[in-house]
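**Q** Below are the sequence and a predicted model; questions follow.
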Amino acid sequence: MLLPPAGVERLLPSDQIKPSDQLKIASWNVNSIKVRAEQVIAWLKSSETDILFMQETKSVDENFPAALFEAAGYHIHCHGQKTYNGVAVATRVELDDVRTGLPMLADSMDDEQARYIEVDCSGMTMAGLYMPNGNPVLDEAGEHHPKFTYKLDWMKRLNHHAIALQKGKKPVLFCGDFNIIPNAADCWDEDVWKGDALYHPETLAAFRTMCWSGYTDVFRAIHPGVIAYSFWDYQGGAWQKDNGIRIDHIMTNPEATDRVRAVGIDKTPRGQERASDHTPVWCVLAQS
DNA sequence: ATGACTGATGGTATCAGA
């Protein structure tokens, strides 16, 4: 085992050292880019992230603080709307194409919400998404509430698109705030989440459809049995009690999974002053 | 305990988030 040189106190852990032929990709629900820009940029620098997908920017594109990112060496592509939702990508590597909006199906519900951005880079396709929350599940008549129907419809569109992208035989990666708790081990108390849209059987079934079509939850694949969360509610001292849930994910098709060299969730930003309620999830991919 | 956060909004309360 190599030891750090004398006098060097802060080396990255060995699994975070990134050779030049690798890309570090991350996803972070920032909960307002206006409030979080400085913290996000500081994290981009300290984490050596090449491409960051952001969600809940809550900003129209003309108000996105892109100049702050440019000054730090990151170019911004954003797809926002007023008040709610909003996705963006910050990159310090060249992108070949950027597309926004998740494709519709013939029977899809109308969708004006800014929740999807997709890029081509280094022969790969990578997407950042903000899945609808889906609550409440039921309306007053006991039927599916329109918000839950919208979530299921959105997942159906995502699954169709995920399968369509597989036909390219290229590496494909989806990351973002999925608003899905994949398993009981991904929350502090399963009983609290039973019946919630994030852990509803129909939500989990749609998530498994994505898994069965070839996409891997790379955090869980590389860290089996590890308890790690990506969201802690602002209320009730959830952070202090570690009452968290793992709902931010990186999903890779087989070609991309083969290139995964490391995966992690960085809890540090969640513990900082005026933090987002989510913390970043990241992975390192070999470029060939 | 009708509580308990945080952010955005032509707002001084209401929504949405999860």
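**A** The structure has been received and is ready for your questions.

**Q** Now A:Asp153. Nearest residue, chain neighbours left out?
**A** A:Met109 (4.8 Å; C-beta to C-beta, 6 or more residues apart in numbering). In short, each C-beta sits where N, CA and C put it, glycine included.

**Q** try A:Leu102
**A** A:Tyr116 (4.1 Å).

**Q** measure the residue most central in space within chain A to A:Ala106 for me?
**A** Residue closest to the mean C-alpha point of chain A, counted by C-alpha atoms, centre = their mean, is A:Gly176 at 1.8 Å. Applying C-beta to C-beta, to the nearest Å, the value for A:Gly176 to A:Ala106 is 25 Å.

**Q** dump the residue contacts of the residue nearest to A:Leu102.
**A** By C-beta atoms under 8 Å, 6 or more residues apart in numbering, A:Tyr116 lies in contact with A:His79, A:Val87, A:Thr100, A:Gly101, A:Leu102, A:Ala127, A:Gly128, A:Leu129, A:Tyr130.

**Q** Mark which of these are buried, thanks.
**A** Burial by neighbour count, 16 or more other C-beta atoms under 10 Å: within those this picks out A:His79, A:Val87, A:Thr100, A:Leu102, A:Ala127, A:Gly128, A:Leu129, A:Tyr130.

**Q** what pLDDT does the last one get?
**A** Just to be clear, that refers to A:Tyr130. pLDDT, A:Tyr130: 98.

**Q** Does it touch A:Met54 like I think?
**A** No: look at A:Tyr130 against A:Met54 with C-beta atoms under 8 Å: they stay out of range, at 9.2 Å.

**Q** what residues are shared contacts of those two?
**A** Joint contacts of A:Tyr130 and A:Met54 (C-beta under 8 Å, 6+ apart) are A:Asn29, A:Val87.

**Q** about what we covered before: from the buried ones among the contacts of A:Tyr116, which is closest to DNA strand B?
**A** A:Tyr130 (7.5 Å; C-beta to the nearest atom of the strand).

**Q** what bridges to the closest one?
**A** Legend: beta-bridge partners of A:Tyr130 under DSSP bridges are A:Asp177.

**Q** Let me know whether A:His249 touches A:Asn179 as I believe.
**A** No: at 9.9 Å, A:His249 does not count as touching A:Asn179 under the criterion of C-beta under 8 Å.

**Q** Quick check: A:Arg99 is in a strand.
**A** Yes: assigned with DSSP: H, G, I helix; E, B strand; the rest coil, A:Arg99 falls within a strand.

**Q** show me what contacts it?
**A** Counting by C-beta under 8 Å, 6+ apart, A:Arg99 touches A:Ile117, A:Glu118, A:Val119.

**Q** where does it land on pLDDT?
**A** So A:Arg99 comes in at 98 (pLDDT).

**Q** any idea how far it lies from DNA strand B?
**A** 23 Å (C-beta to the nearest atom of the strand, to the nearest Å).

**Q** ok, that residue to A:Leu129 distance?
**A** 12 Å.

**Q** hey, what's in contact with both of the two?
**A** Contacts common to A:Arg99 and A:Leu129, judged by C-beta under 8 Å, 6+ apart, are A:Ile117.

**Q** for the buried ones among the contacts of A:Tyr116, which one is nearest A:Glu48?
**A** Set against A:Glu48, the nearest of the buried ones among the contacts of A:Tyr116 by C-beta to C-beta is A:Gly128 (18.7 Å).

**Q** Report the secondary structure state of the closest residue to the closest one other than its chain neighbours.
**A** For A:Gly128, ignoring the flanking residues on the chain, the nearest one in space by C-beta to C-beta, 6+ apart is A:Phe53 at 2.8 Å. State at A:Phe53, reduced to three classes by three-state DSSP: strand.
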